[in-house]
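Chemist: build me a structure from this.
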Amino acid sequence: MQQSLTAKMQILPDTQDLHLLLDTMRAYADACTFVAERLFSEHIPLSIKDIHKAVYRDCRSGYRLSSQMAESVIRTVVGSVRSIRTNLERYPHKFKKLKKKGDNTSVPETSAQPCLEP
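Modeler: The predicted model follows:
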(Lines give C-alpha, C1' and ligand atoms only; values in the text may rest on other atoms or scores of the structure.)
Protein backbone atom coordinates (compact mmCIF):
# COMPACT_ATOMS: atom_id res chain seq x y z
CA MET A 1 0.00 0.00 0.00
CA GLN A 2 1.37 3.39 -1.00
CA GLN A 3 1.40 6.16 1.62
CA SER A 4 1.24 9.85 1.00
CA LEU A 5 2.43 12.68 3.19
CA THR A 6 0.59 15.98 3.36
CA ALA A 7 2.28 19.12 4.62
CA LYS A 8 0.43 22.21 5.81
CA MET A 9 2.34 25.38 4.99
CA GLN A 10 1.72 29.08 5.34
CA ILE A 11 2.76 31.35 2.48
CA LEU A 12 4.25 34.69 3.52
CA PRO A 13 4.64 36.65 0.28
CA ASP A 14 6.37 40.00 0.11
CA THR A 15 4.36 43.05 -1.00
CA GLN A 16 5.01 42.59 -4.72
CA ASP A 17 4.20 38.88 -4.64
CA LEU A 18 1.10 39.58 -2.58
CA HIS A 19 -0.24 41.90 -5.29
CA LEU A 20 0.47 39.26 -7.95
CA LEU A 21 -1.27 36.62 -5.87
CA LEU A 22 -4.31 38.84 -5.29
CA ASP A 23 -4.49 39.72 -9.00
CA THR A 24 -4.41 36.02 -9.86
CA MET A 25 -7.12 35.24 -7.33
CA ARG A 26 -9.32 38.04 -8.70
CA ALA A 27 -8.79 36.85 -12.28
CA TYR A 28 -9.74 33.30 -11.26
CA ALA A 29 -12.90 34.48 -9.46
CA ASP A 30 -13.87 36.77 -12.35
CA ALA A 31 -13.34 33.94 -14.84
CA CYS A 32 -15.59 31.67 -12.74
CA THR A 33 -18.31 34.32 -12.81
CA PHE A 34 -17.86 34.79 -16.55
CA VAL A 35 -18.11 31.03 -17.23
CA ALA A 36 -21.20 30.67 -15.02
CA GLU A 37 -22.91 33.58 -16.78
CA ARG A 38 -22.14 32.11 -20.21
CA LEU A 39 -23.32 28.71 -19.05
CA PHE A 40 -26.72 30.09 -18.08
CA SER A 41 -27.18 32.75 -20.75
CA GLU A 42 -26.27 30.48 -23.68
CA HIS A 43 -27.81 27.32 -22.17
CA ILE A 44 -24.61 25.35 -22.67
CA PRO A 45 -25.02 21.66 -21.73
CA LEU A 46 -23.49 20.85 -18.37
CA SER A 47 -20.57 18.82 -19.64
CA ILE A 48 -16.97 19.83 -19.22
CA LYS A 49 -16.28 19.14 -22.90
CA ASP A 50 -19.07 21.44 -24.16
CA ILE A 51 -18.21 24.21 -21.72
CA HIS A 52 -14.53 23.88 -22.61
CA LYS A 53 -15.33 24.45 -26.29
CA ALA A 54 -17.42 27.51 -25.44
CA VAL A 55 -15.22 29.36 -22.94
CA TYR A 56 -11.66 27.99 -22.77
CA ARG A 57 -10.05 30.50 -25.13
CA ASP A 58 -11.86 33.41 -23.47
CA CYS A 59 -10.58 32.29 -20.06
CA ARG A 60 -7.03 31.99 -21.34
CA SER A 61 -6.84 35.25 -23.25
CA GLY A 62 -9.41 37.47 -21.53
CA TYR A 63 -8.34 36.71 -17.97
CA ARG A 64 -4.72 35.78 -18.71
CA LEU A 65 -5.03 32.41 -17.00
CA SER A 66 -2.66 29.52 -17.53
CA SER A 67 -4.00 26.40 -19.19
CA GLN A 68 -4.23 24.59 -15.86
CA MET A 69 -6.10 27.46 -14.21
CA ALA A 70 -8.52 27.81 -17.14
CA GLU A 71 -9.34 24.11 -16.85
CA SER A 72 -9.74 24.50 -13.10
CA VAL A 73 -12.20 27.36 -13.62
CA ILE A 74 -14.33 25.15 -15.85
CA ARG A 75 -14.26 22.23 -13.40
CA THR A 76 -15.06 24.55 -10.47
CA VAL A 77 -18.09 26.07 -12.21
CA VAL A 78 -19.41 22.70 -13.40
CA GLY A 79 -19.04 21.28 -9.88
CA SER A 80 -20.78 24.28 -8.32
CA VAL A 81 -23.68 24.21 -10.77
CA ARG A 82 -24.16 20.46 -10.32
CA SER A 83 -24.15 20.93 -6.54
CA ILE A 84 -26.71 23.74 -6.75
CA ARG A 85 -28.98 21.67 -9.01
CA THR A 86 -28.72 18.67 -6.70
CA ASN A 87 -29.53 20.77 -3.64
CA LEU A 88 -32.49 22.38 -5.40
CA GLU A 89 -33.86 18.94 -6.29
CA ARG A 90 -33.28 17.41 -2.86
CA TYR A 91 -34.31 20.37 -0.71
CA PRO A 92 -36.71 22.54 -2.72
CA HIS A 93 -38.44 23.76 0.45
CA LYS A 94 -35.22 25.50 1.56
CA PHE A 95 -35.06 27.58 -1.62
CA LYS A 96 -38.72 28.57 -1.91
CA LYS A 97 -38.13 31.99 -0.37
CA LEU A 98 -35.37 32.91 -2.81
CA LYS A 99 -37.60 33.25 -5.89
CA LYS A 100 -40.38 35.80 -5.96
CA LYS A 101 -43.49 35.49 -8.09
CA GLY A 102 -42.90 36.73 -11.61
CA ASP A 103 -39.12 36.68 -11.19
CA ASN A 104 -37.70 34.92 -14.23
CA THR A 105 -34.05 35.87 -13.80
CA SER A 106 -31.62 32.98 -13.77
CA VAL A 107 -28.31 34.72 -13.09
CA PRO A 108 -27.75 38.13 -11.53
CA GLU A 109 -25.94 40.71 -13.65
CA THR A 110 -22.31 41.26 -12.73
CA SER A 111 -19.45 43.27 -14.08
CA ALA A 112 -17.17 40.34 -14.83
CA GLN A 113 -15.74 41.03 -18.27
CA PRO A 114 -12.59 39.69 -19.91
CA CYS A 115 -9.55 41.92 -19.76
CA LEU A 116 -8.84 43.41 -23.17
CA GLU A 117 -5.47 44.95 -22.34
CA PRO A 118 -2.30 43.32 -23.74
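
Chemist: how far away is the residue nearest to L65 when sequence neighbours are not counted from A31?
Modeler: Nearest residue to L65 in three dimensions, chain neighbours excluded: C59, at 5.4 Å (Cβ to Cβ, 6 or more residues apart in numbering). Just so you know, the C-beta spots here come from the backbone N, C-alpha and C atoms, and that holds for glycine as well. For C59, the distance to A31 equals 5 Å [Cβ to Cβ, to the nearest Å].

Chemist: quick one: mean pLDDT for stretch 83-96?
Modeler: When pLDDT is averaged along stretch 83-96, the result is 81.

Chemist: before we move on, what about stretch 1-11?
Modeler: Across stretch 1-11, pLDDT averages out at 86.

Chemist: what's that stretch in contact with?
Modeler: L21 (Cβ atoms under 8 Å, 6 or more residues apart in numbering).

Chemist: 5 is where my numbering starts, stick with that
Modeler: Done: numbering now begins at 5, and the last item shifts to stretch 5-15.

Chemist: end-to-end on that stretch?
Modeler: 32 Å (Cα to Cα, to the nearest Å).

Chemist: can you check stretch 8-19 too?
Modeler: Terminal residues of stretch 8-19 lie 33 Å apart, using Cα to Cα.
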